[in-house]
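Chemist: quick one: sequence plus predicted model below, questions after.
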Amino acid sequence: MVQIVLTLALFVILVIPVGRYMYHIATDQRTFADAVFDPIDKLIYRVCGIKGEDMSWKKYALSLLMANGVMVFVGYMILRLQGLLFLNPNGIGAMEESLSFNTIISFMTNTNLQHYSGESGLSYVSQMCVIIFMMFTSAASGYAACMAFCRGLSGRKLGNFYKDMVRTTTRILIPGAFLVGLLLVSQGTPQTFAANVTVETIEGKYQDIAMGPVAALESIKHLGTNGGGFFGANSATPFENPTVISNITEMISMMLLPGACIVTFGLMLHERRKAKAALAETKKPLIGRQGAVVFGAMAIIFLIGLTVCFCAEKAGNPVISAMGINQDMGSMEGKEVRFGIAQSALFTTVTTSFTTGTVNNMHDTLTPLGGMIPMLHMMLNCVFGGKGVGLMNMVMYVILAVFICGLMVGRTPEYLNKKIEGKEMKLVAIVILIHPLLILGFSALAVSVQEGLAGITNPGFHGLSQVLYEYASSAANNGSGFEGLADNSLFWNMTTGLAMFFGRYIAIVAQLAIAGSMLQKKRVNESIGTLRTDNVTFMIVLVFIVYIFAALTFFPALALGPVAEHLSLWM
């Protein structure tokens, strides 16, 4: 428990200053690092021809899609030609067509779902020029969209996508990844271009030890909420995650920027409110009331999920207990002894709440309820979420809560002194409904055709849980998996690739459209009947709205998977 509390305390301590720094970057205000980064940014603008003019939401969304599309094409060609390119000391050949499609969509959408093992499926040039490169650009794309969304809601112009991409990469991601990389190297994570090493074990056998630029990948993998891993065993292997210190470092890294986005959002809205009221004070709050409500609602859902996951793993498995095996430590199946139940349960909840996808234990071996929590949080896709995207998804629930409460009292719903009308609600409905449609629709297809059934390696309830988890991870752009699924096939590569693509871009385009629409609306004055969205009451309402929506959409599927499996073990 001390380890859990320490990690969460470090997160809360760091998230405020990082959020304020990101706020200054997002609003073009001065920062302490301008003297270093201004010349670099200006050089990039000059070379790339970036003028920095403000964009409409349509141009912003189109620029994002086009830039991502070009990177997808180039990355796909590198994967298909890696056997002929340089930095391939292990002689790894070209990646198969459907797997290349799945991989390139996965890393461009910030999902990093891996149907391959990195140490045997990719050359060093693919690891660096495709995987690590896209870990930076996909994270920067999501954050840029989020900042445009926040600026639109706060009454500012949306900004310029290319400028946002450059500033995010140079001022946040690269220096942050460099610091995290140094910490990981200090704990024993490799960083080299040397070929694999063959060693003789104490039993007289020979074993290949995979090498490579591991620390460089691991740092941005966590900081950019990317997921994936250099090795097939991910952060459960000692080369990716050697010690408890590296484990805490990786968790803080994946929590930091999504949490800081909420601080940035709150400060933007506070500035809008201050300008409107012509207040004289210059001191900024730590987060702002609107940001505090969103942060508090996310924190409540996160802590509930963490508690259930920890207690479920600590309770152990009754089947193993019946075999006479002592489970005083809890269910240790699939977990690293150096992390134990506490660090494993926390890592599991963090990686699926912040939609990173990295794992330090095998989720396929979690107890039924322990495995349901990461699955549920990916289905919600708003419990902090990935870098920027989680905040935008939670604001959709905020608007939905405002709309429902407005209907209950017979008033036109308002949010941030703007009326919520039919256009906005249709776009909110698209964002909220596309997610369960992708998860449940593709899951139904997988259990209906032979190609899908061929990948299910576990019978009964757990087999359905594998399928639900795979598509929840894909649609939420998380990337983790139950890993018992035989998913490197044409069917699974194509369907999960489509789930990742539509789960990413339909939501972002619709959210940018909402920001553009809200920006054009005239403000309305507050009255005694205006619903307050900056107090504890609304925060509790928001939590209930999220859980009610989850129950209405996902409970039947969860009841047939992890819930039924839990009852079959304990009843």
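Modeler: That came in fine, so what should we check first? Keep in mind that this is a model prediction, so the values were computed, not measured. Numbering: from 1, shown residues only.
Chemist: next, count neighbours for Phe193.
Modeler: 11 (other CB atoms under 10 Å). The C-beta positions use only the backbone N, C-alpha and C, and glycine is treated the same way.
Chemist: check which helices and strands the lengthiest helix in the chain is in contact with.
Modeler: Looking across the chain with DSSP state H, the single longest helix is helix 244-277. For helix 244-277, the packing partners by 3 or more CB pairs under 8 Å, 6 or more residues apart in numbering; DSSP states H and E come out as helix 2-26, helix 133-153, helix 174-187, helix 214-223, helix 289-315, helix 340-353, helix 389-409.
Chemist: so what touches stretch 537-547?
Modeler: 293-294, 296-297, 300-301, 380, 382, 394, 397-398, 400-401, 404-405, 531-532 (CB atoms under 8 Å, 6 or more residues apart in numbering).
Chemist: repeat that with 7 Å
Modeler: 293, 296-297, 300-301, 380, 382, 397-398, 400-401, 404-405, 532 (CB atoms under 7 Å, 6 or more residues apart in numbering).
Chemist: show me which pair in those is furthest apart.
Modeler: Leu380 and Arg532 (24.2 Å; CB to CB).
Chemist: quick one: which of these two has more around it?
Modeler: Using other CB under 10 Å, the more surrounded residue of Leu380 and Arg532 is Leu380, with 27 against 10.
Chemist: OK, contacts around that one?
Modeler: 546, 550.
Chemist: where does it fall, phi/psi-wise?
Modeler: phi -70, psi -40 (degrees, to the nearest 10).
Chemist: quickly find the element holding the residue of the chain most remote from its centre.
Modeler: Here the chain reaches farthest from its C-alpha mean at Gly204, the gap being 43.2 Å by CA atoms, centre = their mean. For Gly204, there is no enclosing helix or strand under DSSP states H and E.
Chemist: okay, how far is it across stretch 520-528, tip to tip?
Modeler: End-to-end distance for stretch 520-528: 25 Å, by CA to CA, to the nearest Å.
Chemist: just the buried residues of that stretch, please?
Modeler: The neighbour-count check on stretch 520-528 (16 or more other CB atoms under 10 Å) flags Lys521 as buried.
Chemist: all strands of the stretch 51-200 of the chain, in order?
Modeler: Assigned by DSSP state E, counting those that start in this stretch, the strands in the stretch 51-200 of the chain fall at 197-200.
Chemist: pLDDT below threshold where in it?
Modeler: Residues of the stretch 51-200 of the chain that meet the criterion pLDDT under 70 lie in 118-119.
Chemist: do the same with the chain
Modeler: For the chain, the stretches with pLDDT under 70 are 118-119, 272-284.
Chemist: now Leu440: how far from Met392?
Modeler: From Leu440 across to Met392, the span is 22 Å (CB to CB, to the nearest Å).
Chemist: swap in Phe501?
Modeler: 18 Å.
Chemist: those two: which has the busier surroundings?
Modeler: Using other CB under 10 Å, the more surrounded residue of Phe501 and Met392 is Met392, with 28 against 21.
Chemist: the more buried one touches Met147, doesn't it?
Modeler: No: in this structure Met392 lies outside contact range of Met147 using CB atoms under 7 Å: 10.3 Å.
Chemist: wait, what's in contact with Gly357?
Modeler: For Gly357, the contact set (CB under 7 Å, 6+ apart) comprises 111-112, 227-228, 351, 473, 478-480.
Chemist: which of the residues you listed lies closest to Gly176?
Modeler: Taking CB to CB as the measure, Gly176 lies nearest Gly227 of the contacts of Gly357, at 16.6 Å.
Chemist: tell me the most buried of the helices and strands packed on helix 244-277?
Modeler: Between the helices and strands packed on helix 244-277, helix 214-223 has the highest mean count of neighbours, a mean of 28, where neighbours are mean count of other CB atoms under 10 Å.
Chemist: and the angle for that helix with helix 174-187?
Modeler: Using axes from the mean of the first three to the mean of the last three CA atoms, to 10 degrees, one finds that helix 214-223 and helix 174-187 are set 130 degrees apart in direction.
Chemist: what comes up buried for stretch 494-511?
Modeler: So for stretch 494-511, counting by 16+ other CB under 10 Å, buried means 495-511.
Chemist: give me the number of residues near Ile209?
Modeler: By the criterion of other CB under 10 Å, Ile209 has 11 neighbours.
Chemist: ignoring the adjacent residues along the chain, who's closest to it?
Modeler: Leaving out its chain neighbours, the residue that sits closest to Ile209 by CB to CB, 6 or more residues apart in numbering is Val197, at 4.5 Å.
Chemist: next one: phi and psi at Ala233?
Modeler: With angles defined as degrees, to the nearest 10, Ala233 sits at phi -80, psi 0.
Chemist: what count of nearby residues applies to it?
Modeler: Ala233, neighbours per other CB under 10 Å, totals 20.
Chemist: and the nearest residue to it once chain neighbours are set aside, which of the three is it?
Modeler: Once flanking residues are discounted, Ala233 sits nearest to Glu240: 7.7 Å by CB to CB, 6+ apart. Assigned by DSSP: H, G, I helix; E, B strand; the rest coil, the conformation of Glu240 is coil.
Chemist: now do the contacts for Glu240.
Modeler: So Glu240 contacts 189, 214, 218, 229-231, 234 (CB under 7 Å, 6+ apart).
Chemist: try it again with 8 Å
Modeler: 189, 214, 218, 229-231, 233-234.
Chemist: biggest separation within those, which pair?
Modeler: Maximum distance among those (CB to CB): 13.8 Å, for Thr189 and Ala233.
Chemist: Tyr143 and Thr168 touch, don't they?
Modeler: Yes: the pair Tyr143 / Thr168 is scored as a contact, 5.0 Å apart, by CB atoms under 8 Å.
Chemist: can you tell me how far the residue farthest from the centre of the chain sits from Gly228?
Modeler: Separation of Gly204 from Gly228 (CB to CB): 35 Å.
Chemist: swap in Gly484?
Modeler: From Gly484 to Gly228 the distance is 18 Å (CB to CB).
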